[in-house]
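In: what shape does this take:
(chains A, B, C and D, ligands or ions: 4)
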Amino acid sequence: MSLTENAPRHVPDRLRSPLQDKLVSWESLLLAVAIAIFIVNSLASPYFLNAWNLSDATFNFTEKAMIAFAMALLIISGEIDLSVAAIIALASTAMGVAMEMGAGTPVLVLVGLTTGLLCGAFNGALVTKLGLPSIVVTIGTMSLFRGISYIVLGDGAFRGYPSSFSWFGQGYVFWVISVEFVIFALLAVIFGVVLHKTNFGRMVYATGNNATGALFSGVRVDRVKMALFLLTGLMSGLAAICLTSRLGSTRPSIASGMELEVVTMVVLGGVNILGGSGSIPGVVIAAFVMGLVTFGLGLLNVPGIVLSIFIGLLLIGVIALPRLWAMWRKKAG
Amino acid sequence: MSHLKSREAILFGAILCLLFVVAARFPAFVAPGNLVAVFTDTSPLMILAMGQMAVILTRCIDLSVAANLALTGMVCAMINVAAPDLPVVVILAVSLALGAMLGAINGILVWKLSIPPIVVTLGTMTIFRGIIFLLTDGKWINAHEMSPHFTGFPRSDIFGVPVLGWIAVLVSVVMLVLMARTTLGRSIYAVGGNPHAAIYTGIDVGKTQFAAFVISGMLAGLTGYLWVARYSVAYVDIAGGFELDVVAACVIGGVSIAGGAGTVVGTLLGALFLGVVKNALPVVDISPFWQLAISGAAIIIAVAFNAQSGRSKGRVILKSAEHAQ
Amino acid sequence: DDMRIALVVKALGIGFFEAAAEGAEEAAKEIGGVEIIYTGPTDTTAEGQIEVINSLIAQKVDAIAVSANDTDALVPTLKKAMQRGITVVSWDSGVAEDGRQAHLNPSSNALIGNMIIKLAADHLPDGGEVAVLSATTTSTNQNIWIEEMTKVMGNYGGIDVVSTVYGDDLADKSYREATGLMQSHPELDAIIAPTSVGIVAAAQAVADAGKIGQVNVTGLGLPSEMAGAIESGASKSFAIWNPIDLGYSATMLAHQLATEAATAAPGAEISIGRMGTITLDETNAAAMADPFVYDSSNIDDFKEIF
Amino acid sequence: MTYQASEQSDDPALNPVLSLDNITKTFPGVKALDGVELHLFAGEVTALIGENGAGKSTVVKTLTGIYQPDGGRIVLDGQPVHFPTPQDAADAGVTAIHQETVLFEELTVAENVYIGHAPKNRFGLIDTKAMHAKTAEILKSIGAPIDAGVKLKDLGIASRHLVAIARALSVEARVVIMDEPTAALSQTEIEELYELVDTLKAQGKAILFISHKFDEIFRIADRYTVFRDGQFVGAGNMANVKEAELVQMMVGRAVEQLFPKRHAEVGGEVLKVVGYSHPTEFEDINFTLRRGEILGFYGLVGAGRSEFMQSLIGITRPSKGAVRIDNKVRVIRSPADAIKAGIVYVPEDRGKQGAILDMPIFQNITLPSLHKTSREGFIQLAEEFALAREYTERLDLRAASLDTNVGALSGGNQQKVVIAKWLATQPRVIILDEPTKGIDIGSKAAVHDFMSELAAQGLSVIMVSSEIPEILGMSDRVIVMREGRMVVEVQGDELSPETLVRHAVGIQAKGDAV
Ligand SMILES: Nc1ncnc2c1ncn2[C@@H]1O[C@H](COP(=O)(O)OP(=O)(O)OP(=O)(O)O)[C@@H](O)[C@H]1O
Ligand SMILES: Nc1ncnc2c1ncn2[C@@H]1O[C@H](COP(=O)(O)OP(=O)(O)OP(=O)(O)O)[C@@H](O)[C@H]1O
Ligand SMILES: [Mg+2]
Ligand SMILES: [Mg+2]
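Out: Ligands and ions are numbered 1, 2, ... in the order given. Modelled structure (predicted):
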């Protein structure tokens, strides 16, 4: 072994170039899948390659993806939030209440985002202050948040949102480019930069890989987690604004079951459900894959549930196939 | 060792309190006949929760139980439609076998391919439901299409308790013995408690997890038949979202989501607690719109409470502090 | 090219809608050159229907006939469909006025509201306690019918509606709610379930509680699904309109509007094949015939049909 | 000096009970064992010696069915055997106390001892009664006052170790393997373990004993075998060998000075701790640390030293007390505050607290210094690599590249990454908790050398260690802790092994105040 009097040996920065890494990554595999689906879709249905249709198809994933970006960070940090869809219900209900009291669009937006933040803070406090496992906490708050929405609304509905409010879910920025798609694209860039290029992102990875180690290294782990729960709440609030605006009404059952689709999107995007690894480009591609599969099969009038079989198979398959391949190669070689 | 036991005692106390409060507003709720009805109504949840407990103990989670239930239930119903005279024993055997097989699919993926259980079962959950749709084209099978002995079995009465309730009792006893007195049961605790150490003691972690998934699947399959027979209807969406109730029952019962800790009795009490809440709310005339929020709050409180009482007190180095405690 | 008419239902697999789809196919055959796209989400959500409708818009179908999960939430999407030249009608469960050109009620809401309470009252000459087991809290038509029922309560002296509960169109939840009703109201005489899922579950619950003869289950159901309950006596009678006719008429209506053989305007008289003509009211809605009552005398004739 | 493997003697006492013959085991990228041999004899203790990563634990795992060798033979009583699972090894009478603890918190002591081979009743169910009785018997035989029915989580660390030993004895064993069994034990427990080893020897069992501590090897071993880099280097009788020779065989060269004396000027006060207390862990800790000084903290394992240090950097909150750094009172609520204040801590649990094993070396190193390598919160990769390079080179880190994961490094190199990480923050005070625990002799020297250098450069060092030679060799002053309290502060001529041990275990002698 070594003693310090020996001259230091040279250790290179990297063994492979970052480009090489990217080529063999999950993201490129997923991208290939996305392209394949795109090609199959355009062959299978004459209606697929149409700007307006493709634009409509983006609504299948834009709201989910907004939440998925924040959820990706949360899952990378080793936590999860299953209450996101319930937060949408509660935020939408809060907006409805504000609307009944005569609030205009800016106030509605503020109410939606604030409700999301508060819900996130509640989850975050239970997880970081009481040290409860987030999967269990958010199974509870999932019923609680939506339950409050039911208490407020009962069998009623809020409708009659101001017409300017419909811009978020129904407006277009440029030709076929919808407002929601622009929000999605902006968020993709922002989250990508935050996760991959900032100190905060690095702390998220460190926390997810080894929370104790990160704490000992001076990362304020609880603050990081709290911030991520707040962020997930905020994004759910934003999704609530878009969805409410798109539907033009609020009922307590809004967005039911969406949490699992969001988690599916994140996992499909290559984020390790156990925390510690994953990327935003992966989630972006996964959003497109899910959107393309749903839309493509929808065009062939394949029922939604059959479509969910595809998503289920994709979810398991994309992880299983490389492993099977590796096992097979090991046996053969 | 005392606080674990006392945690179950406290949960039991909470259930009694709940019954007391309900009885104050509505005495008939605690009439023996009604208590039996509540127990019977909670039986499916109890059976599923025991399977889920085994899975959670090994550090996994099974989100596909409700979908497994629906698929197995549908297959049982279809068999009944095709062969109305087939005895119930055969149907029971089919439900156990098919459920176990579906559980084995989860187990294999977790064991051989090391895919995280939550991902596997999230996937199979949608796949199983999708398969029901493919099998039936989405059509329902209704009461009038099922034969009387098929739907009658879970509700036939033995000593004043329906068979469904007795099955829950039987499954509980089997699980008690399995978890406490068999190598597999102890391995399940060991694998969840310390997977690394389990390898060193010659326990195959993956295989044990596989076994837990098979148990969970088998019980889900059994519940599938019972469910379909009890409500006399089978369709794609039966027991939709029920997997979360099952997980909640385990968690309320003190099963640690991190694996290795939790008991059969606790799980049963957790399921009963939820069952009593569910059955009591409509009775005491609380607006149906409050039910969801109340059960959510109950889960959060139970979990916070469990965590508080289960928190290890830490070791004490100072002699003076030791005496003060 | 064939004209494509999409029949969008609340959720796939429900017997009532399967029967309606049969009616739609019948209409298509009769008209000729019409292709029916029978579709819908797997669970009764508005979001699911929106995704389905979006893909129909993309396929540039000629007409959409929808039974909505939510009166309001579908409106923006359906408006978009109309902007792209697609004929939109709602049937069974309607959407708000600006989301469709016309709406076809299976029967008049007032008639149904009256019918369901009358079915219960007919077997309670001395009055009694009844309770309502509805579908989801958001189901449009159930809510309207219950409202209509409340309006005419005065005509049925001695009948007391003690509670309204929601089974969410889930068999197990409906069963549990029905059981809860019988417990909290030991004197209960009848359960009115204006939903085909709820009525079957309630009949089962009554049978299991050993209360056949004490509690009568009635409301809206399908003969095929209710045959057992009539036989056992858990239900003395129930009503429903013919879903085959409903699907048939909705298709006819959509076809008429899509081919511009008729225009949707208040007062317009539109011919719908073998069902005759309907007249649109001031909200562009029309109603079909009265619901038909089924009991032990006629159930056997219908249970094989729908 | 080398035992001839192939020779079979007529005298059964000279025939090995268990032999490894030309065993090879390869992991991706590492040849952990390269044709090694090893022989164990009835009634004798064979010490297996080697640097970190020499392959010692791999041998243990191969012998107990956890790993399957890629090549070679395991010979038991002259018959080649196969151990496909740990159960098979146990059935053949080979049992081990592994380096890592292999116990289960939620199971009872009896279940821990018998998991995998519990006695069954005639229904095939576990016979709880018999299991408890047998466990109680074994515990009694090793003099452990532990109730077989309690859950493991209610036991202290030393009792747990005794349970692990009981587990190894619960198998009808002919071969007992102990992989660094004394690493977590206090001096008295170590003495008891030695007695146990003697008992086992007397029972005619063959014992394999792995340790980095030469004093104990010379105390209990009859034979030795040395590995280096996965290869067999030599074997022989302990009676015929000297420590220096063993070191020479292990390292491949002579290691002259284990504790380099350095010439640092001790300067003014840097850190002052006043009345630091915690409700349950420690009480009333007071000391002053000066510039360029190495302050040793000695005590038995479990004396509360780590707890105190962790409270000093804000992991736990003290109930009383204050710290002064450079004559300013600082409140430290989290490690982040501590880093700002210039105090850093190299924890003893490298895998959990020290490093983030699944992240690259350079990211580990920059984690506490991110503000230095970033601009406005945005990461600057080039600066990160520069910082990582600077400190890894100073520590002479051996790694394939700076973006390999820390988990892929050997223990010694992992420790270097952790130290580099903390030096990169340019601290005023560095606390090293058991800095050489589980590290081989060569890396140990490197760490010691480096500590001296740091002190010479004006850094103040606190070193927590349970090894007396290390404490004596490195410290200017030593504080001894016992049961959460500071018992004594010694320096200069008072520093002797006897004084330290006496205070640490609390024996009153020569009228010393305790
Ligand atoms: N499961 C594994 N996968 C990959 N490499 C391994 C594995 N186990 C051990 N190694 C490698 O094999 C070599 C021998 O390791 P081993 O644990 O046997 O060393 P050791 O002599 O016990 O060291 P120490 O004194 O630190 O305990 C090391 O280089 C180690 O990194
Ligand atoms: N009862 C216990 N339960 C769990 N872990 C324990 C227990 N006692 C000690 N440990 C662990 O054993 C190790 C040594 O204990 P501790 O840190 O208290 O001793 P110390 O006086 O600081 O000694 P050292 O730093 O030399 O190990 C620590 O990692 C500690 O967490
Ligand atoms: Mg080792
Ligand atoms: Mg320590």
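In: dump the residue contacts of whichever residue of chain D sits closest to ligand 3.
Out: Of all residues in chain D, D:Ser57 sits closest to ligand 3, at 3.0 Å by Cβ to the ion. Backbone N, C-alpha and C define where each C-beta goes, glycine included. Contact partners of D:Ser57, counting by Cβ atoms under 8 Å, 6 or more residues apart in numbering or on different chains, are D:His98, D:Gln99, D:Asp179, D:Ile210.
In: if we use 10 Å, what do you get?
Out: For D:Ser57, the contacting residues are D:Ala32, D:Leu48, D:Ile66, D:Tyr67, D:Ala96, D:His98, D:Gln99, D:Glu100, D:Asp179, D:Glu180, D:Ile210, by Cβ atoms under 10 Å, 6 or more residues apart in numbering or on different chains.
In: okay, and the third one sits in which element?
Out: This means D:Ile66. With elements delineated by DSSP states H and E, D:Ile66 resides in a region that no helix or strand encompasses.
In: how close does it sit to C:Ser237?
Out: Here the criterion is Cβ to Cβ, to the nearest Å. By it, D:Ile66 lies 73 Å from C:Ser237.
In: now do the first one
Out: Applying Cβ to Cβ, the value for D:Ala32 to C:Ser237 is 81 Å.
In: what do you get for the fourth one?
Out: D:Tyr67 sits at a distance of 75 Å from C:Ser237 (criterion: Cβ to Cβ).
In: of the two, which one has the most company?
Out: C:Ser237 (21 against 18; other Cβ atoms under 10 Å in any protein chain shown).
In: so residue 159 bridges to which residues?
Out: You didn't say which chain, so I picked chain A. A:Ser249 (DSSP bridges).
In: try chain C instead
Out: On the basis of DSSP bridges, C:Ile159 is bridged to C:Gly128.
In: isn't it right up against C:Leu119?
Out: No: in this structure, C:Ile159 is not within contact of C:Leu119 by Cβ atoms under 10 Å, at 11.3 Å.
In: show me the shaky parts of the stretch 1-150 of chain D.
Out: Scanning the stretch 1-150 of chain D for pLDDT under 70 picks out D:1-14, D:28-29.
In: try chain D
Out: D:1-14, D:28-29, D:184, D:186, D:252-264, D:438, D:441, D:506-514.
In: kindly report the residues of it close to ligand 1.
Out: Within reach of ligand 1 by Cβ under 6 Å from any ligand atom, chain D has these residues: D:27, D:30, D:32, D:50, D:52-58, D:99, D:410-411, D:438.
In: so which residues of the stretch 51-200 of chain B form helices?
Out: With DSSP state H, counting those that start in this stretch as the definition, the stretch 51-200 of chain B shows helices at residue ranges B:65-82, B:88-112, B:117-136, B:148-152, B:163-181, B:183-193, B:195-200.
In: relative to D:Gln231, which of these is closest?
Out: Nearest to D:Gln231 among these is helix B:195-200 (25.7 Å), distances taken as Cβ to Cβ.
In: close to ligand 1, is that closest one?
Out: No: on the criterion Cβ under 6 Å from any ligand atom, helix B:195-200 is out of touch with ligand 1, staying 10.8 Å away.
In: what's the neighbour count on A:Ser42?
Out: If you count neighbours by other Cβ under 10 Å, A:Ser42 ends up with 13.
In: that one: which element?
Out: helix A:26-44.
In: for that helix, packing partners?
Out: Here helix A:26-44 touches helix A:51-58, helix A:258-268, helix A:280-299, helix A:304-332, going by 3 or more Cβ pairs under 10 Å, 6 or more residues apart in numbering or on different chains; DSSP states H and E.
In: again, only this time at 6 Å
Out: When contacts are defined as 3 or more Cβ pairs under 6 Å, 6 or more residues apart in numbering or on different chains; DSSP states H and E, helix A:26-44 packs onto helix A:280-299.
In: briefly note if the helix it packs on comes near chain C.
Out: Yes: counting by Cβ under 6 Å from any Cβ of the partner chain, chain C has neighbours in helix A:280-299: A:Gly298, A:Leu299.
In: what about D:Glu243, how many residues nearby?
Out: Neighbours around D:Glu243, by other Cβ under 10 Å: 11.
In: so who does whichever residue of the stretch 51-200 of chain B sits closest to ligand 2 touch?
Out: Using Cβ to the nearest ligand atom, the closest approach of the stretch 51-200 of chain B to ligand 2 is made by B:Asn194 at 13.1 Å. Residues in contact with B:Asn194 (Cβ atoms under 6 Å, 6 or more residues apart in numbering or on different chains) are D:Phe104.
In: and what of C:Asn114?
Out: Neighbours of C:Asn114 in contact, by Cβ under 6 Å, 6+ apart: C:Val152.
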